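> Have a look; sequence and predicted model below, questions after that.
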Protein chains: 2
Amino acid sequence: MKISRTEDLRLDCQYCPVRHRAICAASDDSEFATLNDIKFYKSIPAGQAVARRGERLNVVASIVSGVATLSKTTVDGRMQITGMLLPSDFIGRPGRDTCEHDISAVTDLTLCCFRRRPFEDLIECAPAIRRRLLDIAFDELDAARHWMLLLGCLTAREKIVSFLMLVLRRSTLPEDVDQPVQIDLPLSREATASYLGLTIETVSRQMSRLRKEGLIELETARRVIIPDTSRLEAELENAD
Amino acid sequence: MKISRTEDLRLDCQYCPVRHRAICAASDDSEFATLNDIKFYKSIPAGQAVARRGERLNVVASIVSGVATLSKTTVDGRMQITGMLLPSDFIGRPGRDTCEHDISAVTDLTLCCFRRRPFEDLIECAPAIRRRLLDIAFDELDAARHWMLLLGCLTAREKIVSFLMLVLRRSTLPEDVDQPVQIDLPLSREATASYLGLTIETVSRQMSRLRKEGLIELETARRVIIPDTSRLEAELENAD
DNA sequence: GGATCGTCTTGACATGGATCAAGGCAGCGC
DNA sequence: GCGCTGCCTTGATCCATGTCAAGACGATCC
């Protein structure tokens, strides 16, 4: 990721949509002011790589808007998406200058970046940021291990339902939980397949099957309506 | 895990076998002395649970000797081992009082424990311990995500070879890399299967197949001789 | 030694999901 | 409109791995 040029865009942090969930969430006024000073925004168009495995990565960042994926690929081209990154999620690793994953912008992406070295210095003297970072790391670790259960033990159907429920949870929810809910899938069939350890055909077939059973409606391939959330969730009664 | 009673055993840290790899690895003399003061050992016999998912866990610990597993189980009994914990590995999560996983002692286990609250206070004022903890968390995260590639993309054969190579890497290695190496598998076939997202029969069959092909020898089911490390590693040329 | 138990191996068969192949559909440029 | 392109769906078939079942092996106890 080139960081030579900051974007014109420069919101004041207090208007930031991820203010209360990102790395800055727990910061007091003074830490917050420091972050505000050293941050810079970066826009990345859909489809473009944010960073590649093995590459130097001299920034850390929060996602302000858009969706990105973390992935790994075998020598012969099999790919596993190891994480779906949504607004407020954290990118990069303090204390490490190379990137372990391919990071790709799935949609247009706005990142709130910090150069890595100053950020590393900052966490030494900013306890709230440091605690938040540690918490983020452990949360991600729990999520990754939970995904291992999905990859290792669940059926294709359960994987799809889990994915739908995950997107549902991370969507901005309407108050009325029992009404039909509409969600927009952030990933293509191909990316979904890779995230779930399936093929694109299996994803498609299982979606169709859920549709035929009335558990979901497909307004388009990417727009799903869930008539009854609890009925879909009940599909996971044996899993999870 | 009951922590009401400390064990008699109380090594001085300077003789500790995991001194240079565990949470204390980077500590200076003063931090080290503090850790030495507040630590206590705990022995757990093979087969016993260290902690169960959802349980309160008011300690964090380093493994001094022995092998443990992290695992999750579905409602209907499918189990995924999400981590194999070897000496120097860290158990527990500062800032969280309940346990996300089942933690089981595979062999007899010696843990170097710290009560969670004092440990949380300590990391606020002990920068080396704090940095080490953050590094451990990110290392575990990278490892978990790497394992997702294994679970989602690799064949049974590749999974087995990856597992053998993992055990080999974490074993105390002889200097002479090109000589036949003997490794003792820390996990039973059942645990291995669960770790790799396979069944016990598939594990057994793939091991036999590797044996028939001369890539490994099985002195017993748990003791493996690798006549030529590089030839085994070459089996992963397309994976990883 | 023989009985018992847990663990591992092997064989026969079943099946969920992969692979291969064809076609549908929406968006876009001309 | 028409053709092109990318993405998605569906069908037919295959195969890697799971399932079920039997027996081998080694440790332990008597």
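Nice, I can see it. Please read all numbers here as calculations on a predicted model, not as lab measurements.
> In terms of residue numbering, what are the domains of chain A?
What automatic domain parsing lists as the domains of chain A is A:13-144, A:154-234.
> and of the ones you listed, who's closest to DNA strand C?
Among these, domain A:154-234 comes nearest to DNA strand C, with 3.1 Å by C-beta to the nearest atom of the strand. Quick note: C-beta positions are derived from backbone N, CA and C, even for glycine.
> Setting aside sequence neighbours, what's the nearest residue to the residue sitting nearest the centre point of chain A?
Note on chain A: the residue nearest the mean C-alpha position is A:Leu85, at 1.5 Å, using C-alpha atoms, centre = their mean. With sequence-adjacent residues excluded and distances taken as C-beta to C-beta, 6 or more residues apart in numbering or on different chains, A:Leu85 is closest to A:Ala68, at 4.2 Å.
> I'd say that neighbour and A:Asp108 touch.
No. With contact defined as C-beta atoms under 8 Å, A:Ala68 does not count as touching A:Asp108 (10.5 Å).
> When those two are compared, which one has more neighbours?
A:Ala68 (26 against 14; other C-beta atoms under 10 Å in any protein chain shown).
> Show me what the more buried one is bridged to.
A:Ala68 has these beta-bridge partners by DSSP bridges: A:Leu85, A:Ala105.
> If I look at it, what pLDDT would I see?
Note for A:Ala68: predicted pLDDT of 97.
> List the residues that contact it.
By C-beta atoms under 8 Å, 6 or more residues apart in numbering or on different chains, the contact set of A:Ala68 is A:Val50, A:Met84, A:Leu85, A:Asp89, A:Ile91, A:Ile103, A:Ser104, A:Ala105, A:Val106, A:Leu109.
> ok, of the residues you listed, which come out buried?
Among the contacts of A:Ala68, those buried by neighbour count (16 or more other C-beta atoms under 10 Å in any protein chain shown) are A:Val50, A:Met84, A:Leu85, A:Asp89, A:Ile91, A:Ile103, A:Ser104, A:Ala105, A:Val106, A:Leu109.
> What's the first helix or strand after the helix or strand of chain A with the lowest mean pLDDT?
Within chain A, no helix or strand scores below helix A:29-38, which has a mean of 91 by mean pLDDT, DSSP states H and E. Next helix or strand after helix A:29-38 toward the C-terminus (DSSP states H and E): strand A:40-44.
> Pull the distance from the next helix-or-strand element following that next one to the chain's centre.
Next helix or strand after strand A:40-44 toward the C-terminus (DSSP H and E): strand A:49-51. Chain-centre distance of strand A:49-51: 14 Å, with C-alpha atoms, centre = their mean, to the nearest Å.
> Parallel or antiparallel, list what pairs with strand A:49-51.
Strands adjacent to strand A:49-51 in the sheet, as given by DSSP bridges, are strand A:102-105 (antiparallel).
> Contacts made by the strand it pairs with with the rest, please.
A:44-53, A:66-73, A:85, A:91.
> Could you do stretch A:54-66 as well?
Applying C-beta under 8 Å, 6+ apart, the contact partners of stretch A:54-66 are A:1, A:3, A:16-18, A:22-24, A:41-42, A:44, A:46, A:51, A:85-94, A:97-99, A:105-117, A:119.
> Dump it to CSV, keeping only the CA atoms.
The C-alpha trace of stretch A:54-66 is given here as CSV (Å, rounded to 0.1, in the frame of the first residue of the first chain):
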residue,chain,number,x,y,z
GLY,A,54,5.2,-10.8,2.3
GLU,A,55,5.1,-7.2,1.3
ARG,A,56,6.3,-4.4,3.6
LEU,A,57,3.4,-2.8,5.4
ASN,A,58,4.4,0.4,7.2
VAL,A,59,0.9,1.5,8.2
VAL,A,60,-1.8,0.3,10.5
ALA,A,61,-5.4,1.3,9.8
SER,A,62,-9.0,1.2,10.7
ILE,A,63,-11.6,0.6,8.1
VAL,A,64,-13.9,3.6,8.0
SER,A,65,-16.2,2.4,5.2
GLY,A,66,-16.3,-0.5,2.8
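> How about the residues of chain A by DNA strand D?
Contact residues (C-beta under 7 Å from any atom of the strand) of chain A with DNA strand D: A:188-190, A:200-201, A:203-205, A:207-208, A:218, A:221-222.
> Tabulate the residues you listed (a markdown table), appending pLDDT, neighbour count and secondary structure.
Output for the residues of chain A next to DNA strand D, formatted as a markdown table (pLDDT from 0 to 100; neighbours: other C-beta atoms under 10 Å in any protein chain shown; DSSP: H, G, I helix; E, B strand; the rest coil):
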| residue | pLDDT | neighbour count | secondary structure |
| --- | --- | --- | --- |
| A:Ser188 | 97 | 14 | coil |
| A:Arg189 | 97 | 18 | helix |
| A:Glu190 | 97 | 13 | helix |
| A:Ile200 | 98 | 14 | helix |
| A:Glu201 | 98 | 10 | helix |
| A:Val203 | 98 | 24 | helix |
| A:Ser204 | 98 | 16 | helix |
| A:Arg205 | 98 | 15 | helix |
| A:Met207 | 98 | 20 | helix |
| A:Ser208 | 97 | 12 | helix |
| A:Leu218 | 95 | 14 | strand |
| A:Ala221 | 93 | 11 | coil |
| A:Arg222 | 95 | 14 | coil |
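> Give me the contact status of the longest helix along chain A with DNA strand C.
When chain A is parsed with DSSP state H, its longest helix is helix A:127-153. No. Taking C-beta under 7 Å from any atom of the strand as the criterion, helix A:127-153 and DNA strand C are apart, separated by no less than 9.9 Å.
> Spell out which residues of chain A are next to DNA strand C.
Contact residues, chain A versus DNA strand C (C-beta under 7 Å from any atom of the strand): A:Thr155, A:Ala156, A:Arg157, A:Gly197, A:Leu198, A:Thr199, A:Glu201, A:Thr202, A:Thr220.
> so which of the domains of chain A is the most packed in?
Mean neighbours per residue, mean count of other C-beta atoms under 10 Å in any protein chain shown, is largest over those for domain A:13-144, with a mean of 18.
> Show me the shaky parts of chain A.
Residue ranges of chain A with pLDDT under 70: A:1-10, A:172-178.
> which ones are touching A:Gln153?
Residue A:153: Cys, not Gln. A:Ala239, B:Thr74, B:Arg78, B:Met79, B:Gln80, B:Gly197.
> just checking, A:Val107 is part of a strand?
Not Val; residue A:107 is Thr. No. Read with DSSP: H, G, I helix; E, B strand; the rest coil, A:Thr107 is coil and lies in no strand.
> shouldn't it be in contact with A:Val67?
Yes. Under the criterion of C-beta under 8 Å, A:Thr107 makes contact with A:Val67 at 4.9 Å.
> which neighbours do the two share?
A:Pro186.
> what about stretch A:218-238, near chain B?
Yes. Counting by C-beta under 8 Å from any C-beta of the partner chain, chain B is contacted by stretch A:218-238 at A:Glu237, A:Asn238.
> Name the helix or strand for A:Leu198, please.
Here A:Leu198 is assigned to no helix or strand, by DSSP H and E.
> mind listing what it touches?
A:Leu198 neighbours (C-beta under 8 Å, 6+ apart): A:Ala156, A:Lys159, A:Thr192.
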